[in-house]
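Novice: Got a predicted structure here, sequence first:
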Amino acid sequence: MTSHSPLPPTLAAWARNQARTNHRYVSGRTLWTAADAAHPGLLPPDPQRLSQHWPIHRQLLGAYVAGLPRIEVGDLVTVTRHDMDEPRRATLTAIDDALLVRVAFDGDDGPGTDVARIAVDAVPVIYYTATITTFDGSDMDAYGQPREPGHGYRAQFGWWDPVHRYWQVHEQRQSVTPDVCPEGADPVSWLADRLTARLGRLASYDGDTFRGAREAVFPGRLTGIAARQPDAVPGAGIRLEDAAAAGQLHRPTAGQRTLTAAGHPRGLRDGDVLAAAVHLGLLSAVPSPTGAPTGQDSRQT
């Protein structure tokens, strides 16, 4: 085999699985060394200077990067390089190609720095979206469909900032502040705790989105205090924010607003998100196609 040979499928699958099971390599050389140790004889001899221009090396890097959490411009990231004393936080400002990105380090002014994608870790965050429904007393819903007289409504959907602007949604994700996982925190526990704190009881998980089960009634919150008369059903213990309460208590009055929301984790590995879904009771077990334990993080530089 030579440096221009195609990457064997066995190594491509190995590299993707290494990324998905939290085995971190932040340089091409350490990834190459690990691949050669795992499957001896499948890679060409490594000369003194390993070139990223080798097709087989780029394909190995590409397979590994494909298994890392997806990142987008504007995301918070952590960069780990040999010329740094410790990892540094940055914001992703451009994606040149699958293997090269540009970042702006915290506190630095200037055009940004190009770094290898393999050296970049996504910072775990949760963004939220919400739908705010306003009953307007009409007989049409937000989609132009007929409703029972007096039950019409209009709706706004967008990015939601539950800390700074609870009863407002935004068109641009950059307009809201996500929940950011503290350094050193367990991402599974953090994700489950934050979703519960923001959304209350969870209704479902579909792979990218955790949907809340509650509906807040203005000026209440999804995780507020128990409702009282005259809005609560006497003796029923229904919260003002409970999804069932809004529609069952009385006919909606014009101007009444309700809010439903969902959480969208980013920068977490698939295994961590699945483990949080299990913790929240939305899945019965974490699927593991390789049988490898999730949450294991062996970082190699």
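Specialist: Yep, that arrived.
Novice: Sticking with residue 94, tell me its helix or strand.
Specialist: For residue 94, the host element (DSSP states H and E) is strand 88-97.
Novice: Could you spell out the sheet neighbours of that strand, each with its direction?
Specialist: Strand 88-97 sits in its sheet next to strand 76-79 (antiparallel), strand 100-105 (antiparallel), going by DSSP bridges.
Novice: Show me how this protein divides into domains.
Specialist: In the domain annotation for the chain, the residue ranges read 9-68, 76-122, 125-279 (automatic domain parsing).
Novice: For the last one, give the mean pLDDT please.
Specialist: In other words, domain 125-279. In this model, domain 125-279 has a mean pLDDT of 83.
Novice: From the opening residue of it to its closing one, how far?
Specialist: One end of domain 125-279 to the other measures 18 Å (C-alpha to C-alpha, to the nearest Å).
Novice: Please enumerate the helices of the stretch 1-150 of the chain.
Specialist: Along the stretch 1-150 of the chain, the segments classed as helices by DSSP state H, counting those that start in this stretch run 9-20, 28-38, 55-66.
Novice: circling back: which one of the domains of the chain lies nearest to residue 285?
Specialist: Minimum separation from residue 285 across the domains of the chain (C-beta to C-beta) falls at domain 125-279, 6.3 Å. Every residue, glycine included, has its C-beta placed from N, CA and C.
Novice: ok, back up a step: will you turn the strands paired with strand 88-97 into TSV that also has distance to residue 122 and mean pLDDT?
Specialist: What follows is the strands paired with strand 88-97, written out as TSV (distance: least, C-beta to C-beta, whole Å; pLDDT from 0 to 100):
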stretch	distance to residue 122	mean pLDDT
strand 76-79	6	92
strand 100-105	11	94
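Novice: between those strands, which one is nearest to residue 267?
Specialist: strand 76-79 (7.4 Å).
Novice: Distance from the closest one to the middle of the chain?
Specialist: 14 Å (C-alpha atoms, centre = their mean, to the nearest Å).
Novice: Repeat that for stretch 28-39.
Specialist: On C-alpha atoms, centre = their mean, the centre of stretch 28-39 falls 29 Å from that of its chain.
Novice: do the same with stretch 260-267
Specialist: Remark: stretch 260-267 is offset 7 Å from the chain centroid, using C-alpha atoms, centre = their mean.
Novice: List the buried residues for that stretch?
Specialist: By neighbour count with 16 or more other C-beta atoms under 10 Å, stretch 260-267 contains the buried residues 260-263, 265-267.
Novice: Phi and psi next, for residue 8.
Specialist: Torsion angles at residue 8 (phi, psi; degrees, to the nearest 10) stand at phi -60, psi 140.
Novice: What is the neighbour count of it?
Specialist: 17 (other C-beta atoms under 10 Å).
Novice: Many thanks, I have nothing further to ask.
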